[in-house]
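Student: what would the 3D arrangement of this be:
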Amino acid sequence: MPKMKSHRSARKTFGVTATGKLKRRKMNRRHILTSKTTKRKRRLRKPGLVSKADSKKIKMLLL
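Tutor: So this is what the prediction gives:
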């Protein structure tokens, strides 16, 4: 049987931390940034973590 391939878009979108949790980018930082406060934009820079409910599905894509 051939090797399993990882889902390429998931590989580019998500990262894994040292403890095994999944990192993701936060939403609302693509466009219309003039109406958002500087404080809000600064908080959106930092990565967020994937919820426990979704992490199992995403880890399967990253195999």
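
Student: what are the ranges of the strands in this structure?
Tutor: Applying DSSP state E to the chain gives strands spanning 15-16, 22-24, 48-49.

Student: ok, the nearest residue to S55 once chain neighbours are set aside - contacts?
Tutor: Leaving aside its sequence neighbours, S55 sits nearest to L22 (C-beta to C-beta, 6 or more residues apart in numbering; 5.3 Å). C-betas here are computed from N, CA, C, even on glycine. Taking C-beta atoms under 8 Å, 6 or more residues apart in numbering, we find L22 in contact with F14, G15, V16, L49, V50, S55, I58, K59.

Student: please repeat the previous calculation with a cut-off of 7 Å.
Tutor: L22 makes contact with F14, V16, L49, V50, S55, I58 under the criterion C-beta atoms under 7 Å, 6 or more residues apart in numbering.

Student: give me the buried entries from those residues.
Tutor: Among the contacts of L22, the ones that count as buried by 16 or more other C-beta atoms under 10 Å are F14, V50, I58.

Student: just the ones of those residues in helices?
Tutor: Using DSSP state H, I58 are the members of the buried ones among the contacts of L22 that sit in helices.

Student: could the buried ones among the contacts of L22 be laid out in JSON lines, adding distance to K41 and pLDDT?
Tutor: JSON lines is the format used below for the buried ones among the contacts of L22 (distance: C-beta to C-beta, whole Å; pLDDT from 0 to 100):
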{"residue": "F14", "distance to K41": "22", "pLDDT": "96"}
{"residue": "V50", "distance to K41": "22", "pLDDT": "96"}
{"residue": "I58", "distance to K41": "26", "pLDDT": "94"}
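
Student: now the buried ones among the contacts of L22 as JSON lines including distance to R43?
Tutor: What follows is the buried ones among the contacts of L22, written out as JSON lines (distance: C-beta to C-beta, whole Å):
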{"residue": "F14", "distance to R43": "20"}
{"residue": "V50", "distance to R43": "18"}
{"residue": "I58", "distance to R43": "23"}
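
Student: tell me the one among the buried ones among the contacts of L22 nearest to K26.
Tutor: Of all these, V50 has the smallest distance to K26: 11.6 Å, by C-beta to C-beta.
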